[in-house]
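Undergrad: Okay, here's the prediction I keep looking at, along with the sequence it came from:
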Amino acid sequence: MDYPTIYDITNSEIDINGLLAKLTLLSTGAAAIFTGMVRGKTKNGNPHETTYLEYEAYVPMAEAKMKQVAAEIRQKWPSIEGIGIIQRIGKLYPETPTVLIACTAAHRDTGVFDAARYGIDRLKEIVPIWKREVSPSGEEWIEGDYMPKPGE
Amino acid sequence: MDYPTIYDITNSEIDINGLLAKLTLLSTGAAAIFTGMVRGKTKNGNPHETTYLEYEAYVPMAEAKMKQVAAEIRQKWPSIEGIGIIQRIGKLYPETPTVLIACTAAHRDTGVFDAARYGIDRLKEIVPIWKREVSPSGEEWIEGDYMPKPGE
Amino acid sequence: MNQIKVLFFATLRDRAGEKSVNIDIPEETTVQALKDIIVKTFPGLQKSIDSVVVSVNREFAFDENIIPESAEVAMFPPVSGG
Amino acid sequence: MNQIKVLFFATLRDRAGEKSVNIDIPEETTVQALKDIIVKTFPGLQKSIDSVVVSVNREFAFDENIIPESAEVAMFPPVSGG
């Protein structure tokens, strides 16, 4: 059985309805979807405002690593049917969805939520994408803190 | 601060993109969304095919119970910002999304996934909606097994 | 006597053959007593009544609860939405 | 000598002032040795190099790995997508 795996790095708006349709098979009954958006106002930690984020990707490697994240999900949760991993890049303003992970399965109790959560966590660890934050007080690159290990 | 709570029992297609926009505030950075679809082919348990499902709701009580589910989510996960609970009713064919629970928050690590999961579990316990399954071999009402307790 | 409305959903509606019925019940009638009245009126509901869920004015109600005047009661099987 | 291409992203690109550079390296050059070469060529990268992430042909690479002929190497800070 061929289950759909969709990964994309795009400058266009993320269409969740359309993506979900592509990840839905006749045997599919449940989907868990995570999306992240540009936060215009951050309260925790270092409270500040964001004017926009500008994303860039090392596209061919990012695609390869998205494919790897999908493979890791399939290995950990064999019941997963469709997987979608989308990162939007370019200049993105507050309230705009920037990233999406969607996992579908026959039933909701065989890991779709955990799989989607794993997907976004792994994307933020190993997929080579970076964002620069522009705020009223200046601009800076946001740096992650994960150092990949051999085999990742 | 007024956080958006949207609940709807509808005959129309579920528009996830539009709903997500309504649940996204300037302070929002993460959303977990669950959707259920009509499964045309069921493999587990009693393997069978489904031609369509026909949903009906006791609409005013279902709306009240959706509101209650949202209130329960807010009490358990105070960091949740927007909550959307949508049930589509009527005759729905395989691969069609039938239900949606969406929860947004500033960050992904303060309960959005658990909140969305709780939402769909509670909807299936206390929101008065029923479905009749029509299959090549006949038709029957699907019955749940949850008996509400006083105070629910 | 109090006039109340009883709504039936899903299997209960099919077996009652009615979507709803207006009936007069004595004051202080409990949910349990109403179930007995309903089964007498709609014998087809006998096999549904032990696992029926009852709501009164759109809140879940239980055997010992008393049904208020002009109540909107509903009787239905365990829910199966989603 | 092997000719390789080195790509820079995010802070590394800003500090190098270049998106990419083609350089010749001795055969059997390790990632660690390449880092030293790069810092000599782009002194601005000195403060990035200890926490740099390196990929070789689009797979993560580590100090002791040897860089093959015609490799596409990339150097970048820990990722921050999402």
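TA: Alright, I've got the coordinates. Numbers count the residues shown, from 1 in each chain, chains lettered A, B, ... in the order given.
Undergrad: residue ranges for the helices of chain A, please.
TA: Using DSSP state H, the helices found in chain A span residues A:16-22, A:59-76, A:112-126.
Undergrad: Would you mind finding the most buried of these?
TA: helix A:112-126 (a mean of 22; mean count of other Cβ atoms under 10 Å in any protein chain shown). Where you see a C-beta, it was placed from the backbone N, CA and C, and this is true even at glycine.
Undergrad: Would you tell me which residues of chain A are close to chain B?
TA: Within chain A, the positions adjacent to chain B are A:15-17, A:20-21, A:24-44, A:94-95, A:97, A:106-108, A:112-113, A:116-117, A:120 by Cβ under 8 Å from any Cβ of the partner chain.
Undergrad: Pull out the buried residues from these.
TA: Neighbour counting by 16 or more other Cβ atoms under 10 Å in any protein chain shown classes A:15-16, A:20, A:24-25, A:27-40, A:42, A:94-95, A:97, A:106-108, A:112-113, A:116-117, A:120 among those as buried.
Undergrad: related to what we said a few turns ago, please name whichever of the helices of chain A is nearest to residue D:18.
TA: helix A:59-76 (18.1 Å; Cβ to Cβ).
Undergrad: export that closest one as PDB, just CAs?
TA: What follows is helix A:59-76, C-alpha atoms only, in PDB (Å, rounded to 0.1, in the frame of the first residue of the first chain):
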ATOM      1  CA  VAL A  59      16.100  23.800   0.100                       C
ATOM      2  CA  PRO A  60      17.500  20.500  -1.200                       C
ATOM      3  CA  MET A  61      18.800  19.500   2.300                       C
ATOM      4  CA  ALA A  62      15.600  20.700   4.000                       C
ATOM      5  CA  GLU A  63      13.500  18.500   1.600                       C
ATOM      6  CA  ALA A  64      15.700  15.500   2.300                       C
ATOM      7  CA  LYS A  65      15.400  16.100   6.100                       C
ATOM      8  CA  MET A  66      11.600  16.500   5.800                       C
ATOM      9  CA  LYS A  67      11.600  13.100   4.100                       C
ATOM     10  CA  GLN A  68      13.600  11.700   6.900                       C
ATOM     11  CA  VAL A  69      11.200  13.100   9.600                       C
ATOM     12  CA  ALA A  70       8.400  11.400   7.700                       C
ATOM     13  CA  ALA A  71      10.300   8.100   7.600                       C
ATOM     14  CA  GLU A  72      11.000   8.400  11.400                       C
ATOM     15  CA  ILE A  73       7.300   9.000  12.000                       C
ATOM     16  CA  ARG A  74       6.300   5.900   9.900                       C
ATOM     17  CA  GLN A  75       8.800   3.800  11.800                       C
ATOM     18  CA  LYS A  76       7.600   4.900  15.300                       C
END
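Undergrad: how far out from the middle of the chain is that helix?
TA: Put simply, helix A:59-76 sits 11 Å off its chain's centre (Cα atoms, centre = their mean, to the nearest Å).
Undergrad: Identify all contacting residues around it.
TA: For helix A:59-76, the surrounding residues in contact (Cβ atoms under 8 Å, 6 or more residues apart in numbering or on different chains) are A:3, A:5, A:7, A:9, A:80, A:83, A:85, A:87, A:103, A:111, A:115, A:118-119, A:122-123, A:126-129, D:55, D:58-59, D:74, D:81.
Undergrad: Give me the neighbour count for the residue in chain A that chain D sits nearest to.
TA: Distances between chain A and chain D by Cβ to the nearest Cβ are smallest at residue A:129, namely 2.8 Å. The local packing of residue A:129 (other Cβ atoms under 10 Å in any protein chain shown) involves 29 other residues.
Undergrad: per-residue pLDDT, it?
TA: Residue A:129 is assigned 98 on the pLDDT scale.
Undergrad: I'd say it and residue A:86 touch.
TA: No - counting by Cβ atoms under 8 Å, residue A:129 does not reach residue A:86; the two are 11.5 Å apart.
Undergrad: and the residue of chain A nearest chain C?
TA: For chain A, Cβ to the nearest Cβ, closest residue to chain C: residue A:108, 8.5 Å.
Undergrad: ok, the residue lying closest to that residue once chain neighbours are set aside - contacts?
TA: Nearest residue to residue A:108 in three dimensions, chain neighbours excluded: residue A:30, at 3.9 Å (Cβ to Cβ, 6 or more residues apart in numbering or on different chains). Counting by Cβ under 8 Å, 6+ apart, residue A:30 touches A:104-108, A:112, B:34-37.
Undergrad: Would you mind listing the residues touching both of residue A:129 and residue A:86?
TA: residue A:9.
Undergrad: Please, where are all the strands along chain A?
TA: A:5-10, A:30-37, A:41-42, A:48-49, A:52-57, A:80-88, A:90-92, A:97-105, A:129-135, A:138-142 (DSSP state E).
Undergrad: Would you tell me which of these gets closest to residue D:13?
TA: strand A:52-57 (8.7 Å).
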